[in-house]
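In: Sharing a sequence plus its predicted fold:
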Number of protein chains: 4
Amino acid sequence: MATAETAIFKQQGFGKSLGIGEAPALVIVDFVVAFDDPKLFGGGNIHAAVEKTVGLLAFFREHRLPVAYTRYVFAEDGSDGNLLTAKVPNLKILTEDNPVGFVVRELTPRPGELMVRKRNASAFFQTDFSSWLARLRVDTLVVTGAVTSGCVRATVVDALGYGYRPIVPTDCVGDRAIAPHDAGLFDMQQKYADLYTRDELIAALKPRLGKKVAAE
Amino acid sequence: MATAETAIFKQQGFGKSLGIGEAPALVIVDFVVAFDDPKLFGGGNIHAAVEKTVGLLAFFREHRLPVAYTRYVFAEDGSDGNLLTAKVPNLKILTEDNPVGFVVRELTPRPGELMVRKRNASAFFQTDFSSWLARLRVDTLVVTGAVTSGCVRATVVDALGYGYRPIVPTDCVGDRAIAPHDAGLFDMQQKYADLYTRDELIAALKPRLGKKVAAE
Amino acid sequence: MATAETAIFKQQGFGKSLGIGEAPALVIVDFVVAFDDPKLFGGGNIHAAVEKTVGLLAFFREHRLPVAYTRYVFAEDGSDGNLLTAKVPNLKILTEDNPVGFVVRELTPRPGELMVRKRNASAFFQTDFSSWLARLRVDTLVVTGAVTSGCVRATVVDALGYGYRPIVPTDCVGDRAIAPHDAGLFDMQQKYADLYTRDELIAALKPRLGKKVAAE
Amino acid sequence: MATAETAIFKQQGFGKSLGIGEAPALVIVDFVVAFDDPKLFGGGNIHAAVEKTVGLLAFFREHRLPVAYTRYVFAEDGSDGNLLTAKVPNLKILTEDNPVGFVVRELTPRPGELMVRKRNASAFFQTDFSSWLARLRVDTLVVTGAVTSGCVRATVVDALGYGYRPIVPTDCVGDRAIAPHDAGLFDMQQKYADLYTRDELIAALKPRLGKKVAAE
């Protein structure tokens, strides 16, 4: 975006930092086979983001921090088709048992990690995700996944509203086209989330977690 | 956006039309003094969008269709400050009695029209807006207001999720910068809403309403 | 309850009638094997209510009115255990594939009817049920099922809030004990719902549906 | 309730204890002038519960624990009337500026304490209450107020769903009639909340808070 365009956001006081809290969790949004496949819903920089997320997931697991995943699940008989599937009918292929709706192999969920089944963009919308975060007393939500301008962004907007500081590792989110990816990151940085690269984020999290472990 | 970038959306089946239902309502999002003033939260094409909305509001009132407004309202004592006001602290000036938080003069609400007080981007988030739409059996929600890439978009995403077909009259929504405005419209058209110009929308609504009146 | 106790409700203006709207739907709450079995979560007048509901379901199907069911579904690995399962641990047996969590044979769902999977008492809580009702432009929700003082009541309270007039056919809801059943009906009648017997309700619905069919 | 009736709850595994967590908050539901006045919505044991709550509020303030209040607020022009006001029309008198809707003098809110304006029974329904609890990392919600079988109970059911352990001090909640009060307490104890008398609760909280202070 032109500098002239971004100046107004600074002048009006947008884009302050939320900071990292004491209790982070990780959510991996829609990194399923279909969103990793350019012939279905993938493309752009999505696969690169999947690969970057592998290391971030390992970090969260190593420190025993909460990990959740989302995937779309629609009924086989079409009974729960909604306005999103009216707008994007192909999403209806993502049923409970269709392997293209499963999380990609590199990020396979482990028993005890939460799987959020959803029928709209946001991980929070009409799901138990916010209650899981509340019970675990999470205060900071690291949001990765696909696509930046869709489910990632909707999840970030809702996370902010529900009271969990959203953090977006910019290289762990991807989109099927780069212009919406970039526009999504810009909007989120100004209004809804703090942005880090994955490695910056890990570096920022490490001392906090160390301290916590040391104190226990 | 480059044609090469948009081709993938068509190929993957995004951007189908939702169509207009039988019972439309209008929501005017955050067209308040502060968002009409470039020194506060305004700028870009917001004021032009306010002016275009005057005629659309007149049309809805003339046909006695439901009209709602939103505005941010935060407590004077800061007790309901949230993560959005952490990210954008200036929003805290929008209290119940501060005139910069009132709907602009051109669009002054009338008694009986709904005012939705909110503390986050979406008109639906933690408000009674969806219940008002349900009681009125609305099926189509025309979303106008500011800003395209923020509260308008968040309202559209939630409208789709709550089961109300979102329609965005592109010249009745505005943003403080044009790049986020355009990116927001692109995303909404592909995934969440049908887009019309104001005059196209009025032309599309007229015959339906005529029929309805004739049938009664 | 003693007459002296109920007098205050009338005097304070509680218990007005909501009336029946134009577009009713039926929800059958938790009439699953486990709630029909006194050794699991059943007992009291639940089975009698199941039997009465058979005729009501037939009526809704015959008039092609929307029908939904709810059942509890918890993950096999315990990852979505919540505070309700902390309070009532046995509920965790109700997994996707455990037949005791399936709707009872007499009320077997048909393809196209909605199944709401839930993890709390209310059919609305963190589910897509309200959006399904909105898309269908339902305005009146007939709530049957088990138990009166638990999931039925929580569903009724939320239906009222979401804008759908709740109607409770008193002989189509049941509870494992009669005192909570009666207390639940009293509270709902005063504050949240209109009460009918099943046959009164069918008689009240019939002329409306006839008119609707005639007009089409 | 007869012992024969309550036996089934124990046998089926209801009524386990949730326990007290690390971070309690207090909510005072609808202890406003109108609910303290038998000629409006009061009566029964409500005023006694107000008096008992004075000491509990003092305890929470002394330990600087979060305190919130709720009150009904409907618009002067009737634009936000809903199905609850259809069922109980008198509630519409509770507008922003009508003193009968203000919290009773004995429990007057202090600046910085949260006021939740609501239009339905539950403090959580279409309000920002859950987000406030999440931001404060509350894990235990002490629910006091009026009436036991209405707004208190609806708040408790939602607290459980949103992930906050509900605790009801039985002598700090009241109802306009004793039978619904008792039935409400029974249901909550079996399915949704832990019950204490006020003094038992303060005794149970004290050592935890002491430890916390000592550790800081």
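Out: Yes, it's here.
In: show me where chain A has strands.
Out: With strands called from DSSP state E, chain A shows them at A:24-29, A:67-72, A:114-118, A:140-146, A:165-169, A:173-174, A:194-196.
In: ranking those by burial, who's on top?
Out: Of all the strands of chain A, strand A:173-174 has the most neighbours on average by mean count of other C-beta atoms under 10 Å in any protein chain shown, namely a mean of 30. Any C-beta I mention is one placed from the backbone N, CA and C, and that applies to glycine too.
In: Name the residues that touch that one?
Out: Here strand A:173-174 makes contact (C-beta atoms under 8 Å, 6 or more residues apart in numbering or on different chains) with A:44-50, A:143-148, A:152, A:181, A:185.
In: where's the closest residue to chain B within chain A relative to residue B:179, distance?
Out: Closest contact between chain A and chain B, by C-beta to the nearest C-beta, is at residue A:183 (3.4 Å). Per C-beta to C-beta, to the nearest Å, residue A:183 is found 7 Å from residue B:179.
In: Compare neighbour counts for the two and give me the winner.
Out: Higher neighbour count among residue A:183 and residue B:179: residue A:183, with 24 against 18, using other C-beta atoms under 10 Å in any protein chain shown.
In: ok, and the closest non-adjacent residue to the more buried one?
Out: Nearest non-adjacent residue to residue A:183, counting by C-beta to C-beta, 6 or more residues apart in numbering or on different chains: residue B:183, 3.4 Å away.
In: which residues does that neighbour contact?
Out: Applying C-beta under 8 Å, 6+ apart, the residues near residue B:183 are A:149, A:179-180, A:183-184, A:187, B:149.
In: hmm, try it at 7 Å
Out: By C-beta atoms under 7 Å, 6 or more residues apart in numbering or on different chains, residue B:183 lies in contact with A:180, A:183, B:149.
In: Would you mind measuring from the first one to residue B:184?
Out: To tie it back to what came earlier, the one meant is residue A:180. 10 Å.
In: do the last one as well
Out: Using C-beta to C-beta, one gets 4 Å for the distance from residue B:149 to residue B:184.
In: Please enumerate the shared neighbours of those two.
Out: residue B:175.
In: Up against chain B, what does chain A have?
Out: A:1, A:5, A:8, A:12-14, A:16, A:18, A:41, A:43, A:83-84, A:86-90, A:120-121, A:125, A:149-150, A:154, A:157, A:160-161, A:163, A:165, A:176-180, A:183, A:186-187, A:191-192 (C-beta under 7 Å from any C-beta of the partner chain).
In: What subset of the residues you listed is buried?
Out: Among these, those classed as buried by neighbour count (16 or more other C-beta atoms under 10 Å in any protein chain shown) are A:5, A:8, A:12, A:14, A:18, A:41, A:43, A:83-84, A:86-88, A:120-121, A:125, A:149-150, A:154, A:157, A:160-161, A:163, A:165, A:176-180, A:183, A:186-187, A:191-192.
In: Mind checking which of the residues you listed are in helices?
Out: Those of these mapping onto helices are A:5, A:8, A:83-84, A:86-87, A:154, A:157, A:160-161, A:178-180, A:183, A:186-187, A:191, per DSSP state H.
In: Give me the phi and psi for residue A:110.
Out: The phi and psi values for residue A:110, taken as degrees, to the nearest 10, are phi -100, psi 150.
In: what sits against the residue lying closest to residue A:15 once chain neighbours are set aside?
Out: Distance criterion C-beta to C-beta, 6+ apart; nearest residue to residue A:15, sequence neighbours excluded, is residue A:190 at 4.7 Å. When contacts are counted by C-beta under 7 Å, 6+ apart, residue A:190 touches A:9, A:14-15.
In: Beta-bridge partners for the residue nearest to residue A:69 when sequence neighbours are not counted, please?
Out: Nearest residue to residue A:69 in three dimensions, chain neighbours excluded: residue A:28, at 4.9 Å (C-beta to C-beta, 6+ apart). When assigned by DSSP bridges, residue A:28 has beta-bridge partners residue A:69, residue A:144.
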